[in-house]
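Enquirer: Give me a 3D structure for the following:
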Amino acid sequence: MPGKVKLHYFDGRGRMEAIRWLLAAAGVEFEEIFLESAEDLDKLRNDGHLPFQQVPLVEIDGMELVQTRAILNYIASKHNLYGKDLKERALIDMYVEGMMDLNEIIMMLLIHPPEEQVNQLALLKEKTTNRYFPAFEKVLKSHGQDYLVGNRLSRADVHLVELIYNVEEVDPGLTANFPLLKALQTRISNLPTVKKFLQPGSQRKPRDDMKILDKARKIFSCYGCGLFNVPGEEHNREHNRPTLCSQVTLLSLTCRCTGTLSLCSSTLCGAPDMSFALSSLSATQAWA
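Expert: Purely as a prediction, here's the structure:
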């Protein structure tokens, strides 16, 4: 009989947090094996556990799964959180993709230099209140049911409630004009499994901060800028800077260590301003 689910990642939210949320909502107990150093990551690679050389890695049902979407899809399918047919699954996928778009902006906030964070916060507020939350509020209003799809709990509801909490950590007022979303948040939060996950001392991770970012940087040491696909040493000799691209590792638009897009901000490595790339995140998402 398969043992307890095991999650391999660093001790922070990153791309594993959505997996933690979904497992918790499904009532699945899991063990976490934290990466503490670059050597820990190298060992997983060298021992053949990471086919694409990146985490998250989840051991489940005798399998070793990587790639966030694949992991979430498997968990949702196994625990009846993925709709009753292909049409419902398509709707769930569509809604979840929208949630990921908005969550990317939240995850990117920390890597922006202070002088850019005001603009990024304004972008987050605009996208939240004028695009994404109105869309989900409209869905709930259109059918008058308790859940987004099929009038039963799905991964879309779980991810949306996680997103609402993430938004409220940035600005609690952003949900004020969305009563149906707030009602959904309350409803899902009161499910016994989710309520337990939301309690202090659970395996839910606190909001990422610079301390966690620094820890991640030490683990996911990077030797190149994935956006330009040039060797790190050559790249940084040109800009007369140390290799610091791994500073973006935590927040998902990262170096090859996590298998996602790496963006070089001028404050990190001296490369040209990449604000145009940051503004087009939704078109260039690369969830590991």
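
Enquirer: Tell me which helix or strand comes right after whichever helix in the chain runs longest.
Expert: The residue-count maximum for a helix in the chain (DSSP state H) belongs to helix 86-108. Once the chain leaves helix 86-108, the next helix or strand it forms, by DSSP states H and E, is helix 114-127.

Enquirer: Could you export that following helix as PDB, keeping only the C-alpha atoms?
Expert: What follows is helix 114-127, C-alpha atoms only, in PDB (Å, rounded to 0.1, in the frame of the first residue of the first chain):
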ATOM      1  CA  PRO A 114      11.000  49.400  -4.300                       C
ATOM      2  CA  GLU A 115      10.600  52.100  -6.800                       C
ATOM      3  CA  GLU A 116       8.600  49.800  -9.100                       C
ATOM      4  CA  GLN A 117       6.400  48.200  -6.400                       C
ATOM      5  CA  VAL A 118       4.000  51.100  -6.300                       C
ATOM      6  CA  ASN A 119       3.200  50.600 -10.000                       C
ATOM      7  CA  GLN A 120       3.000  46.800  -9.600                       C
ATOM      8  CA  LEU A 121       0.600  47.200  -6.700                       C
ATOM      9  CA  ALA A 122      -1.500  49.400  -8.800                       C
ATOM     10  CA  LEU A 123      -1.500  46.800 -11.600                       C
ATOM     11  CA  LEU A 124      -2.500  44.100  -9.100                       C
ATOM     12  CA  LYS A 125      -5.400  46.200  -7.800                       C
ATOM     13  CA  GLU A 126      -6.600  47.100 -11.300                       C
ATOM     14  CA  LYS A 127      -6.500  43.500 -12.500                       C
END
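
Enquirer: re earlier: tell me what the longest helix of the chain is packed against?
Expert: Packing partners of helix 86-108 (3 or more C-beta pairs under 8 Å, 6 or more residues apart in numbering; DSSP states H and E): helix 114-127, helix 133-143, helix 155-170. For the C-beta atoms, the positions are set from N, CA and C on the backbone; glycine is no exception.
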